[in-house]
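> Generate a structure from the sequence data that follows.
(2 chains, ligands or ions: 1)
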Amino acid sequence: MKVLIPIKRVIDANVKVRVRGDGSGVETQNVKMAMNPFCEIAVEEAVRLKEAGLAEELIVISCGVTQCQETLRTGLAMGADRGILVETDAELEPLAVAKLLKAVVDKESPDLIILGKQSVDGDNNQTGQMLAALLGWPQGTFISKIEIKDSGSAITREVDGGLEMLEIKLPAVVTVDLRLNEPRYASLPNIMKAKKKPIETISPDALGVDVAPRVEILEVTEPPSRQAGIKVESVGELVDKLRNEAKVI
Amino acid sequence: MNLMQAPAAAGESDADLQAIRDSVRALCADFPGEYWREKDRERAYPTEFVQALTEAGFLAVLIPEEYGGSGLGLRAAAAILEEIHKSGGNGAACHAQMYIMGTILRHGSEAQKQKWLPPIARGELRLQAFGVSEPTSGTDTLSLRTTAVRQGDRYIVNGQKVWTSRAEHSDLMLLLARTTPKDQAKKRVEGLSVFLVDMRTALGKGLTIRPIHTMINHSTTEVFFDELEVPAENLIGELDQGFRYILDGMNAERVLIAAECIGDARWFIDKAVAYAGERKVFGRQIGQNQGVQFPIARAYAATEAADLMVQKAAALFDAGHSIGESANMAKLLASEAAWQAADTCLQTHGGYGFAEEYDVERKFRETRLYQIAPISTNMILSYLAEHVLGLPRSY
Ligand SMILES: Cc1cc2nc3c(=O)[nH]c(=O)nc-3n(C[C@H](O)[C@H](O)[C@H](O)COP(=O)(O)OP(=O)(O)OC[C@H]3O[C@@H](n4cnc5c(N)ncnc54)[C@H](O)[C@@H]3O)c2cc1C
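Residues are numbered from 1 along each chain as shown, chains lettered A, B, ... in the order given. Model prediction:
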C-alpha cells in the first residue's frame, strides 16, 4: 500500500501570533515555523502502518514556499520515505491545495491519503474534504482510529454525539483528529538519514493548476481584548443587569 | 599546540541544528517539572530520561559514524544540552556520556576505539565517570596523588578521587593517575596517565564507591582505589602524557557546560517574563514596573552575549582550532549569565520562587554549580590573565 501524507508548514503552536502592521495578515517573518500538529498525527499514523507491515511507501507532500522543505524533512525524519514539494510563493486557499494534491494523486496513485483534519493557522477544515470530492473517493473525517482490512479500511470518527464506526473502500481520504495517536519525536540517526531521502520539487504550472485566490482578504485584526467583568451582590441585581443593561433576557 | 581534531562530519547546517533542537524539545516535553522535582526530592537518578535520550541517539552525537554514532560536531552537542536545560530539565545525569569518550577517540589506539566506542554509541556501555579531582588537589590537578604502578601486564592503582559524578551509573571510568613521581617527571606537565577502568569488574576488588550528598541531585561520589588492578591495555595514549589528553577534552566539556548554562538562563528568563506578566500587585502586573523589567532585560542581554561566545567556541572546535581561550570565556560568561538570570527570576517570583512547585529554587541551586565545576571562575580568570594576557604568574 502506498500512502500520501499532505503536510503544512504553519507558525509554531508555541508562538504568540501577531497581526501585521498593515492588517494584511499575520506576521510570519522571523517567526518560528513548524509542522501543523494535526499533520504530525497524520505522519505518525502512516509510519505506524508501515511499521505494522501494512504500508510499503510513505510520501509526504507540502504545497508552499521553499522553506516547506524543512517541514518535509521533519516528516522524513519521522519515517516517511520521500517528499514532494509543490513550490509556490502564492497564498494558497484550501481549494487550490486540494487541486494541487489531486494532480499529484493522479500521478502517484496512492491507496490512502492521510491529512490533518485542519491546520492550526487558518482552521479551515476543508482540504481533505475537497480533495476527496475532486477525486471522487470515499472520505472519513476526524478519525480517532483506523484499521486496514482486506476489503478496505475500518475507521472510527469523532462526531458531536460520540463515536461513529464506518467501513470505507480504498483508495480513500481520511483526516485525523487529536486522539488518534501521539506523534513521535525524530531520533538523531533518523534526522541525519532524512537528509539523504529524496525531495522532488514541482511547480503548480507543471501540474496545470491555477492557484489564484478566489477570496479577497480585506483586513485582519486582533480580537478585541476582553473587558474586565463585574461582581454582583445578589441574584436580583444580576437579573436586573441582564435585563436592563445587557438586554439579553 | 592544537590537539583538537574536527569530527569527521561537522558540516551540519542550521536547518539540521533546528531539527535536532525541535526533536530534543519534544523529547523533553515528556519530562516536565514534576518529573525533575520528584527526582530532586528523592535524590534519584533520572533513569527514564537518560534512557529516552540514549534510545533517540542523542548521547552518541559526537561519536563518528564508523563507530556507530552520528558523527556531528560540538555545535550539535551544545544544541542538545541547551535544549534540555531550556526545557527545565538537567543534562548533568548523562552529558558526560557524550564527551568523555573523546579522550579514547582522540588518543586511543584503533583497537581501543573498535572495542569501546560502538557499545558506548549504542548506550550498552556507559562511560560517564571522570576521575580527576582529589581531596587534596581540586584545581591543582598536577598535584594529584592517586598512583598507578606497572606490574607485569597490569597497573596497580592506589589512592582516592572525590566528586566523581555518576560513578554508580557508569560502567567505565576515565581515570587520571600519576605514573611517574612528580620529582622524576621530565616536564612539569608530564608523569600523569589516563586509564579506562572497567568498574563492572573492579567493584569490590579494589574499587569502592561512596555517594556524596549535595545541595543538588547530582549522583556524585567519592571513589577509593586499594590495590586495584587495571590491565595495561587500558592505558589510553602514551604513558605520562595524560594531563595533555585530559586538558583538551576539558575544553570541549567547558563549551558543553556553557551551553547548558545558556539553556538555564533562557529557562529563567522565560519563567520570569511569564510570571511578571501574570502576577498582579497594587492592581497591575508586576512586569509593568521598570524595577522588575530592567533586571530581566539585563539578564537577557547578558545571555545573548554569552551565547555568542559559546557558539564561537563550538564553531572553532568544529573547524579544528584550539579553543582554550574561547572555551574558558564561554564557560565564564555563560555561567554568570545563568546565575544573573536565576537571581532575577527568583526575585521576580518573590516568595513563590521558594516554593518547590515553581521549579525556580531547584534550577537556582542547580545552575550555581557551574561557577565552580568543572572549573571555578577564579581559575578561568587567572588563565585569561596569565596565559592569554601575559600578566605575571600567580601560582
Ligand atoms: C557537584 C559536583 C560534581 C563534580 N563532578 C566532578 C567529576 O565528575 N569529576 C571530577 O574530576 N571533578 C568533579 N567535580 C570537582 C570540581 O571540578 C572541583 O570541585 C573544582 O574543580 C574546584 O576544585 P576544589 O573543589 O578542590 O576547589 P579548590 O581547588 O579547593 O578551590 C577552592 C576555591 O579557591 C579558589 N582558588 C584556588 N586556588 C586559587 C588561586 N590560585 N587563585 C585564585 N583562587 C583560587 C577556587 O577558585 C575556589 O573558588 C565536581 C564538583 C561538584 C561540586
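
> Excluding chain neighbours, give the residue nearest to the residue of chain A found nearest the ligand in space.
Closest residue of chain A to the ligand, C-beta to the nearest ligand atom: A:Leu188 (24.5 Å). Quick note: C-beta positions are derived from backbone N, CA and C, even for glycine. Leaving out its chain neighbours, the residue that sits closest to A:Leu188 by C-beta to C-beta, 6 or more residues apart in numbering or on different chains is B:Gly57, at 3.7 Å.

> same deal with A:Ala34?
That would be A:Asp12: by C-beta to C-beta, 6+ apart, it lies 4.2 Å from A:Ala34.

> tell me the phi and psi of the residue in chain B that the ligand sits nearest to?
Residue of chain B nearest the ligand, by C-beta to the nearest ligand atom: B:Gly138 (1.5 Å). Note on B:Gly138: its backbone torsions stand at phi -90, psi -80 [degrees, to the nearest 10].

> Please name the residues that touch it.
By C-beta atoms under 8 Å, 6 or more residues apart in numbering or on different chains, the residues touching B:Gly138 are B:Trp163.

> hmm, back to that, from what I can see the residue nearest to A:Leu188 touches A:Lys193, true?
No - using C-beta atoms under 8 Å, B:Gly57 is not in contact with A:Lys193, being 10.6 Å away.

> which one of those two has more residues nearby?
Shown here are B:Gly57 and A:Lys193; by other C-beta atoms under 10 Å in any protein chain shown, B:Gly57 has more neighbours (23 against 15).

> Please, where are all the strands along the chain?
In the absence of a named chain, chain A is used. A:2-6, A:9-11, A:33-35, A:57-64, A:82-87, A:112-116, A:139-148, A:153-159, A:162-168, A:172-176, A:199-202 (DSSP state E).

> Correction: the question concerned chain B.
For chain B, the strands defined by DSSP E cover B:127-131, B:147-151, B:154-162, B:172-178, B:192-198, B:207-211, B:221-231, B:235-236, B:280-281, B:284-285.

> most packed of those strands?
Mean neighbour counts were compared across the strands of chain B using mean count of other C-beta atoms under 10 Å in any protein chain shown; the top stretch is strand B:127-131, at a mean of 27.

> list the helices and strands the lowest-mean-pLDDT helix or strand in chain A packs on?
Within chain A, no helix or strand scores below strand A:153-159, which has a mean of 89 by mean pLDDT, DSSP states H and E. Applying 3 or more C-beta pairs under 8 Å, 6 or more residues apart in numbering or on different chains; DSSP states H and E, we find strand A:153-159 packed against strand A:139-148, strand A:162-168, strand A:172-176.

> In the sheet, which strands lie alongside the first one, parallel or antiparallel?
For strand A:139-148, the paired strands and their directions (DSSP bridges) read strand A:153-159 (antiparallel), strand A:172-176 (parallel).

> and the helices and strands packed on strand A:153-159 as TSV, adding mean pLDDT and mean neighbour count?
Below are those laid out as TSV (pLDDT from 0 to 100; neighbours: other C-beta atoms under 10 Å in any protein chain shown):
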stretch	mean pLDDT	mean neighbour count
strand A:139-148	95	19
strand A:162-168	93	12
strand A:172-176	97	26
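
> so where do the helices sit in chain B?
B:14-28, B:33-42, B:47-55, B:74-86, B:95-99, B:101-107, B:110-122, B:199-202, B:242-278, B:290-318, B:324-349, B:360-368, B:377-383 (DSSP state H).

> so which of those helices comes closest to chain A?
Closest approach to chain A among the helices of chain B (C-beta to the nearest C-beta): helix B:14-28, 3.6 Å.

> before we move on, the earlier item: extract the CA atoms of the least confident helix or strand of chain A and return them as CSV.
C-alpha atoms of strand A:153-159 as CSV (Å, rounded to 0.1, in the frame of the first residue of the first chain):
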residue,chain,number,x,y,z
SER,A,153,-10.5,0.3,5.9
ALA,A,154,-12.5,0.5,9.1
ILE,A,155,-12.4,3.9,10.8
THR,A,156,-13.8,5.5,13.9
ARG,A,157,-14.8,9.1,13.6
GLU,A,158,-15.3,11.6,16.3
VAL,A,159,-18.7,13.2,15.9
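
> Nearest residue to residue 165 in space, please, no chain neighbours.
Picking chain A for this. Distances taken as C-beta to C-beta, 6+ apart place A:Thr156 nearest to A:Met165, at 5.5 Å, with adjacent residues excluded.

> Can you look at chain B instead?
Once flanking residues are discounted, B:Ser165 sits nearest to B:Thr220: 4.4 Å by C-beta to C-beta, 6+ apart.

> what does chain A have sitting close to chain B?
Residues of chain A found near chain B (C-beta under 8 Å from any C-beta of the partner chain) are A:34, A:70, A:73-74, A:77, A:185-189, A:191-192, A:194-195.

> Put the buried members of those into a ChimeraX selection.
Applied in ChimeraX, the following selects the buried portion of the residues of chain A next to chain B according to 16 or more other C-beta atoms under 10 Å in any protein chain shown:
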select /A:34,70,73,74,77,185,186,187,188,189,191,192,194
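
> Quick check: the farthest pair among the residues of chain A next to chain B?
Spatially, the most separated pair among the residues of chain A next to chain B is A:Ala34 and A:Pro189, at 21.3 Å (C-beta to C-beta).

> The residue nearest to B:Ser165 and B:Ser170 touch, don't they?
No - using C-beta under 8 Å, B:Thr220 is not in contact with B:Ser170; the gap is 11.9 Å.

> Those two: who's more crowded?
Neighbour count, other C-beta under 10 Å: between B:Thr220 and B:Ser170, B:Ser170 has more, with 26 against 22.

> So for the more buried one, what's the nearest residue that isn't a sequence neighbour?
That would be B:Ala129: by C-beta to C-beta, 6+ apart, it lies 4.0 Å from B:Ser170.

> what sits against that neighbour?
B:Ala96, B:Ile100, B:Thr164, B:Ser165, B:Arg166, B:Ala167, B:Ser170, B:Leu172, B:Met173, B:Leu174, B:Met199.

> which among these are in contact with the ligand?
Counting by C-beta under 6 Å from any ligand atom, B:Thr164, B:Ser165 from the contacts of B:Ala129 sit close to the ligand.

> quick one: which of the contacts of B:Ala129 is nearest to chain A?
Of all those, B:Ala96 has the smallest distance to chain A: 17.6 Å, by C-beta to the nearest C-beta.
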